[in-house]
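Engineer: Task: produce atomic coordinates for the following.
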Amino acid sequence: MILTVDIGNTRVKAAVFEQYTLVEYFVFEAKELQNKIEIILKKFPNLAYLVVSSVGNVKKESFLAFENKLKVHFVSHQDRFPFVNKYTTPTTLGIDRMVLAAGATLQFPNQNRLVIDAGTCVTYDCIDASNQYLGGAISPGIRLRYESLHKYTAKLPLLTKEMPSSFIGDATAAAIHSGVVNGLIYEIDGFIDEFKAKYSKFIIILTGGDADFLAMRLKNTIFANSNFLLESLNQTFQYTINND
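Structural biologist: Numbers count the residues shown, from 1 in each chain. Next up, the predicted model:
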């Protein structure tokens with residue numbers, strides 16, 4: 001069994017896999033990390049690997065404490081990936097984006113893929129049918145958009161995400177919701193339209209913490225899976241150990 005851990009900018013997400021089957025899913029704060037992993041290890045004593053992908057600030061030492069119980073692997077740029085990285089600055093490409101690209105390549109062979117991860121940031125990653133990672137885009141996520149409007153203006157309130165009833169906001173709060181949420185929906189649909197115009201035989205994958213919130217409002221057909229990164233982390237590790 002494999003325990004995958006994704007350390008993001010705001011939360012830690014983890015999942016236990018039996019080969020390619022997701023057994024259980026966990027979400028917690030970074031400060032709870034060691035205690036939560038101890039609980040997971042007690043619940044699943046047959047875990048053999050702990051696989052970590054991190055863009056957050058959790059130190060490796062937090063995981064090395066578990067090396068006496070199972071093998072710990074930190075996904076890095078030195079790992080073997082199932083695609084050719086065409087990024088002009090390959091070592092600056094986030095590990096989370098590389099894992100998502102690997103998962104898309106392995107799950108959806110012989111297709112052009114656009115992976116959209118709607119989390120703290122929204123990332124767009126393009127992998128063509130020849131398994132070449134081409135690059136993508138990065139923009140602020142929903143929470144960052146709300147916080148920016150509040151922080152960098154004198155009077156706009158800090159709101160939490162809410163699906164607007166109309167694109168025309170009839171009050172300040174409604175206008176903010178429309179600008180943030182509808183603005184991001186239009187952005188995502190715009191990227192998808194550009195991708196569709198360039199490629200045939202493609203799949204659009206939407207994942208991340210806000211995937212379910214956004215999915216029903218997009219005009220384009222997508223494959224939505226909020227656990228896609230954890231599934232991709234498991235698949236990437238299995239690919240790595242099977243191709244060493």
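Engineer: Which positions in stretch 188-207 come out as buried?
Structural biologist: If you call a residue buried by 16 or more other CB atoms under 10 Å, then stretch 188-207 has these buried ones: I188, F191, I192, F195, F202, I204, I205, L206, T207. Placement of C-beta: from N, CA and C, glycine included.
Engineer: pLDDT weak spots in the chain?
Structural biologist: 56-58, 244 (pLDDT under 70).
Engineer: show me where it has strands.
Structural biologist: In the chain, the strands defined using DSSP state E lie at 2-7, 12-18, 21-28, 49-54, 71-74, 84-85, 112-118, 121-127, 132-140, 202-207, 223-224.
Engineer: Now tell me what touches the last one from outside.
Structural biologist: Contacting residues not belonging to strand 223-224 are listed as I203, I204, I205, L206, T207, A211, D212, A215 [CB atoms under 8 Å, 6 or more residues apart in numbering].
Engineer: possible to save the strands of the chain as CSV with distance to S232?
Structural biologist: Shown next, in CSV, are the strands of the chain (distance: least, CB to CB, whole Å):
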stretch, distance to S232
strand 2-7, 9
strand 12-18, 11
strand 21-28, 12
strand 49-54, 9
strand 71-74, 15
strand 84-85, 15
strand 112-118, 9
strand 121-127, 11
strand 132-140, 13
strand 202-207, 9
strand 223-224, 13
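Engineer: my read: T4 touches Y20, true?
Structural biologist: No - T4 is beyond contact range of Y20, at 11.7 Å (criterion: CB atoms under 8 Å).
Engineer: which residues do the two both contact?
Structural biologist: By CB under 8 Å, 6+ apart, the residues touching both T4 and Y20 are N234.
Engineer: Which of these two has more residues huddled nearby?
Structural biologist: T4 (28 against 11; other CB atoms under 10 Å).
Engineer: how many other residues sit next to the closest residue to that one other than its chain neighbours?
Structural biologist: Distance criterion CB to CB, 6 or more residues apart in numbering; nearest residue to T4, sequence neighbours excluded, is L233 at 4.2 Å. Residues contacting L233 under the criterion other CB under 10 Å number 29.
Engineer: which residues of the protein fall in helices?
Structural biologist: With helices called from DSSP state H, the chain shows them at 33-43, 61-64, 95-107, 142-151, 172-177, 183-198, 211-215, 228-242.
Engineer: So the chain: which segments form each domain?
Structural biologist: 2-74, 84-233 (automatic domain parsing).
Engineer: Can you lay out those domains as a markdown table showing distance to Y239?
Structural biologist: Converted to a markdown table, the domains of the chain look like this (distance: least, CB to CB, whole Å):
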| stretch | distance to Y239 |
| --- | --- |
| domain 2-74 | 11 |
| domain 84-233 | 6 |
